[in-house]
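Trainee: Here is my input, please return the structure:
(one chain, ligands or ions: 2)
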Amino acid sequence: MIAKLSDFDHLLEESARIHGHLCPGQVLGVKMSILGLKEAGIEDPKGKDRKNIIVFVEMDRCATDAVQSVTGCSLGHRTMKFMDYGKMAATFVNLKTGKAVRVLAKEESRKTAKNLFPAIENKYAAQLEAYKVMSYDELFEVSDVKVAINPEDLPGRPLTRVRCEACGEQVQDMREVHVEGRALCRPCASGGYCEFFHGERYAKKA
Ligand SMILES: [Zn+2]
Ligand SMILES: [Zn+2]
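Mentor: Ligands and ions are numbered 1, 2, ... in the order given. Down below sits the predicted model:
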(Lines give C-alpha, C1' and ligand atoms only; values in the text may rest on other atoms or scores of the structure.)
(Ligands and ions follow the chains in the order given, each with its own letter.)
Protein backbone atom coordinates (compact mmCIF):
# COMPACT_ATOMS: atom_id res chain seq x y z
CA MET A 1 0.00 0.00 0.00
CA ILE A 2 1.24 3.47 -0.82
CA ALA A 3 1.27 5.84 2.14
CA LYS A 4 -0.61 9.09 1.80
CA LEU A 5 1.36 12.34 2.13
CA SER A 6 -0.65 13.17 5.24
CA ASP A 7 0.43 9.95 6.94
CA PHE A 8 3.81 10.98 8.34
CA ASP A 9 4.29 7.92 10.55
CA HIS A 10 3.69 5.53 7.71
CA LEU A 11 5.99 7.47 5.36
CA LEU A 12 8.73 7.49 7.98
CA GLU A 13 8.36 3.78 8.61
CA GLU A 14 8.60 3.09 4.89
CA SER A 15 11.68 5.28 4.37
CA ALA A 16 13.47 3.79 7.41
CA ARG A 17 12.79 0.32 6.00
CA ILE A 18 14.17 1.22 2.57
CA HIS A 19 17.13 3.16 4.02
CA GLY A 20 17.98 0.38 6.49
CA HIS A 21 17.63 2.33 9.73
CA LEU A 22 15.67 5.06 11.42
CA CYS A 23 17.82 8.18 11.80
CA PRO A 24 17.45 11.97 12.04
CA GLY A 25 18.05 12.15 8.28
CA GLN A 26 14.96 10.03 7.61
CA VAL A 27 12.77 12.31 9.72
CA LEU A 28 14.21 15.42 8.09
CA GLY A 29 14.04 13.97 4.58
CA VAL A 30 10.45 12.76 4.96
CA LYS A 31 9.32 16.14 6.28
CA MET A 32 11.32 17.98 3.62
CA SER A 33 9.57 15.93 0.93
CA ILE A 34 6.07 16.33 2.35
CA LEU A 35 6.58 20.09 2.46
CA GLY A 36 8.24 20.34 -0.95
CA LEU A 37 5.58 18.26 -2.69
CA LYS A 38 2.78 20.20 -1.06
CA GLU A 39 4.31 23.56 -2.01
CA ALA A 40 4.92 22.38 -5.57
CA GLY A 41 1.29 21.26 -5.84
CA ILE A 42 2.00 17.55 -6.14
CA GLU A 43 -0.58 15.46 -4.30
CA ASP A 44 0.11 11.93 -5.40
CA PRO A 45 3.78 11.57 -6.42
CA LYS A 46 3.64 7.78 -6.83
CA GLY A 47 0.21 7.73 -8.48
CA LYS A 48 -1.46 10.22 -10.76
CA ASP A 49 1.35 12.81 -10.48
CA ARG A 50 4.23 10.40 -10.99
CA LYS A 51 5.04 11.68 -14.49
CA ASN A 52 4.91 15.31 -13.41
CA ILE A 53 7.70 15.44 -10.90
CA ILE A 54 11.46 15.86 -10.81
CA VAL A 55 13.48 16.37 -7.65
CA PHE A 56 16.95 17.90 -7.41
CA VAL A 57 18.79 16.80 -4.27
CA GLU A 58 21.82 18.76 -3.07
CA MET A 59 23.17 16.11 -0.70
CA ASP A 60 24.11 12.44 -0.80
CA ARG A 61 23.24 11.71 2.81
CA CYS A 62 20.62 9.76 4.77
CA ALA A 63 17.91 12.31 3.93
CA THR A 64 18.37 11.65 0.19
CA ASP A 65 16.99 8.14 0.64
CA ALA A 66 13.97 9.58 2.44
CA VAL A 67 13.35 11.95 -0.47
CA GLN A 68 13.49 8.99 -2.84
CA SER A 69 11.16 6.96 -0.65
CA VAL A 70 8.49 9.65 -0.27
CA THR A 71 8.59 11.06 -3.81
CA GLY A 72 9.23 7.81 -5.68
CA CYS A 73 11.82 9.74 -7.71
CA SER A 74 15.09 7.99 -8.50
CA LEU A 75 18.29 8.39 -10.46
CA GLY A 76 17.35 5.39 -12.60
CA HIS A 77 14.04 6.93 -13.59
CA ARG A 78 15.83 10.22 -14.30
CA THR A 79 13.38 11.88 -11.95
CA MET A 80 16.01 12.51 -9.26
CA LYS A 81 18.95 14.74 -10.11
CA PHE A 82 21.95 14.73 -7.82
CA MET A 83 23.67 18.09 -7.43
CA ASP A 84 26.86 17.53 -5.47
CA TYR A 85 26.66 20.68 -3.31
CA GLY A 86 26.90 19.16 0.16
CA LYS A 87 23.82 21.13 1.28
CA MET A 88 20.79 19.80 3.11
CA ALA A 89 18.34 21.00 0.46
CA ALA A 90 16.14 19.70 -2.32
CA THR A 91 14.06 21.30 -5.07
CA PHE A 92 10.71 19.85 -6.06
CA VAL A 93 9.61 20.59 -9.62
CA ASN A 94 6.05 20.19 -10.86
CA LEU A 95 6.53 19.54 -14.59
CA LYS A 96 2.86 20.11 -15.34
CA THR A 97 2.66 23.62 -13.93
CA GLY A 98 6.34 24.59 -13.94
CA LYS A 99 6.14 25.45 -10.25
CA ALA A 100 9.35 24.68 -8.39
CA VAL A 101 10.25 25.11 -4.73
CA ARG A 102 13.56 24.69 -2.96
CA VAL A 103 13.42 23.45 0.62
CA LEU A 104 16.48 24.07 2.76
CA ALA A 105 16.96 22.65 6.25
CA LYS A 106 17.65 25.56 8.61
CA GLU A 107 20.95 25.46 10.43
CA GLU A 108 19.28 26.75 13.65
CA SER A 109 17.09 23.66 13.74
CA ARG A 110 20.11 21.62 14.85
CA LYS A 111 20.53 23.80 17.93
CA THR A 112 16.80 23.86 18.66
CA ALA A 113 16.79 20.07 18.41
CA LYS A 114 19.64 19.82 20.89
CA ASN A 115 17.78 21.98 23.43
CA LEU A 116 14.40 20.30 23.07
CA PHE A 117 15.31 16.94 24.56
CA PRO A 118 18.18 17.58 26.98
CA ALA A 119 17.37 14.41 28.89
CA ILE A 120 18.26 12.22 25.95
CA GLU A 121 22.00 11.74 26.12
CA ASN A 122 22.62 10.46 22.65
CA LYS A 123 22.81 13.47 20.32
CA TYR A 124 21.27 11.68 17.35
CA ALA A 125 18.44 10.17 19.37
CA ALA A 126 17.60 13.65 20.69
CA GLN A 127 17.77 15.10 17.18
CA LEU A 128 15.51 12.36 15.86
CA GLU A 129 12.81 13.02 18.47
CA ALA A 130 13.11 16.78 18.07
CA TYR A 131 12.80 16.69 14.27
CA LYS A 132 9.58 14.69 14.73
CA VAL A 133 7.89 17.35 16.86
CA MET A 134 9.36 20.52 15.33
CA SER A 135 7.16 22.51 12.95
CA TYR A 136 7.89 22.84 9.26
CA ASP A 137 8.62 26.52 9.83
CA GLU A 138 11.21 25.74 12.46
CA LEU A 139 12.86 23.14 10.29
CA PHE A 140 12.86 24.59 6.80
CA GLU A 141 13.18 27.62 4.61
CA VAL A 142 11.15 27.45 1.40
CA SER A 143 11.89 29.47 -1.75
CA ASP A 144 10.06 29.65 -5.05
CA VAL A 145 12.60 28.99 -7.78
CA LYS A 146 12.80 28.58 -11.54
CA VAL A 147 14.32 25.42 -12.98
CA ALA A 148 15.05 24.93 -16.65
CA ILE A 149 15.12 21.25 -17.54
CA ASN A 150 16.57 20.30 -20.90
CA PRO A 151 14.87 17.65 -23.07
CA GLU A 152 17.97 15.43 -22.82
CA ASP A 153 17.56 15.34 -19.02
CA LEU A 154 13.93 14.20 -19.00
CA PRO A 155 12.70 10.64 -18.53
CA GLY A 156 12.18 8.64 -21.70
CA ARG A 157 14.33 6.99 -24.32
CA PRO A 158 17.84 8.35 -24.90
CA LEU A 159 17.70 11.22 -27.37
CA THR A 160 21.12 10.63 -28.89
CA ARG A 161 23.93 8.07 -28.98
CA VAL A 162 27.39 9.15 -30.06
CA ARG A 163 30.64 7.18 -30.18
CA CYS A 164 33.52 8.87 -28.38
CA GLU A 165 36.30 9.40 -30.89
CA ALA A 166 38.97 8.73 -28.26
CA CYS A 167 37.86 5.69 -26.22
CA GLY A 168 35.23 4.38 -28.63
CA GLU A 169 32.56 4.04 -25.93
CA GLN A 170 28.97 5.10 -26.54
CA VAL A 171 27.72 8.31 -24.99
CA GLN A 172 23.97 8.89 -24.57
CA ASP A 173 21.82 11.96 -24.22
CA MET A 174 24.16 14.65 -25.55
CA ARG A 175 26.72 14.18 -22.81
CA GLU A 176 29.53 14.28 -25.40
CA VAL A 177 31.68 17.38 -25.74
CA HIS A 178 33.28 18.74 -28.87
CA VAL A 179 36.99 19.41 -28.70
CA GLU A 180 38.77 20.62 -31.81
CA GLY A 181 36.14 19.10 -34.04
CA ARG A 182 36.07 15.72 -32.29
CA ALA A 183 33.19 14.30 -30.27
CA LEU A 184 34.58 13.07 -26.95
CA CYS A 185 33.10 11.63 -23.78
CA ARG A 186 33.58 13.83 -20.74
CA PRO A 187 36.32 11.73 -19.11
CA CYS A 188 38.31 11.68 -22.35
CA ALA A 189 37.89 15.42 -22.69
CA SER A 190 38.70 16.46 -19.17
CA GLY A 191 39.65 13.46 -17.06
CA GLY A 192 37.46 10.87 -15.36
CA TYR A 193 37.03 9.62 -11.79
CA CYS A 194 39.06 6.46 -12.37
CA GLU A 195 42.29 5.37 -14.00
CA PHE A 196 42.66 2.21 -16.03
CA PHE A 197 45.75 0.19 -15.24
CA HIS A 198 46.32 -0.67 -18.85
CA GLY A 199 45.91 2.90 -19.94
CA GLU A 200 43.76 2.06 -22.92
CA ARG A 201 40.59 3.97 -22.10
CA TYR A 202 39.71 7.35 -20.68
CA ALA A 203 43.35 8.32 -20.38
CA LYS A 204 44.07 7.78 -24.07
CA LYS A 205 43.23 11.07 -25.65
CA ALA A 206 44.93 10.87 -29.01
ZN1 LIG B 1 20.52 7.14 8.06
ZN1 LIG C 1 35.91 8.62 -24.38
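
Trainee: what does stretch 106-122 rub up against?
Mentor: Outside of stretch 106-122, the residues that reach it under the criterion CB atoms under 8 Å, 6 or more residues apart in numbering are 24, 123, 125-127, 129-131, 133-134, 138-141. Where C-beta positions appear, they are placed from N, C-alpha and C, glycine not excepted.

Trainee: so how far is stretch 80-91 off the chain centroid?
Mentor: 5 Å (CA atoms, centre = their mean, to the nearest Å).

Trainee: Kindly report the same for stretch 43-59.
Mentor: For stretch 43-59, the gap between its own C-alpha mean and the chain's C-alpha mean amounts to 10 Å (CA atoms, centre = their mean).

Trainee: Quickly note the distance from the residue most central in space within the chain to Ile120.
Mentor: Centrality entry for the chain: nearest residue to the mean C-alpha point is Val57, 2.9 Å, by CA atoms, centre = their mean. As for Val57, its distance to Ile120 is 29 Å (criterion: CB to CB, to the nearest Å).

Trainee: Check which helices and strands whichever helix or strand Gln68 is part of sits against.
Mentor: Secondary structure here is read from DSSP states H and E; on that basis Gln68 sits in helix 62-71. Counting contacts by 3 or more CB pairs under 8 Å, 6 or more residues apart in numbering; DSSP states H and E, helix 62-71 is packed against helix 8-19, helix 24-40, strand 53-57, strand 80-82.

Trainee: Would you format these as TSV with distance to Arg157 included?
Mentor: Output for those, formatted as TSV (distance: least, CB to CB, whole Å):
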stretch	distance to Arg157
helix 8-19	28
helix 24-40	26
strand 53-57	17
strand 80-82	18
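
Trainee: of the ones you listed, which approaches Ala105 most closely?
Mentor: helix 24-40 (5.9 Å; CB to CB).

Trainee: Excluding residues flanking it in the chain, which one is nearest Gly136?
Mentor: No Gly there; residue 136 is Tyr. Counting by CB to CB, 6 or more residues apart in numbering, Tyr136 lies nearest to Leu35, which is 5.2 Å off, once chain neighbours are set aside.

Trainee: list the contacts for the one you found?
Mentor: Leu35 makes contact with Val103, Tyr136, Phe140, Val142 under the criterion CB under 8 Å, 6+ apart.
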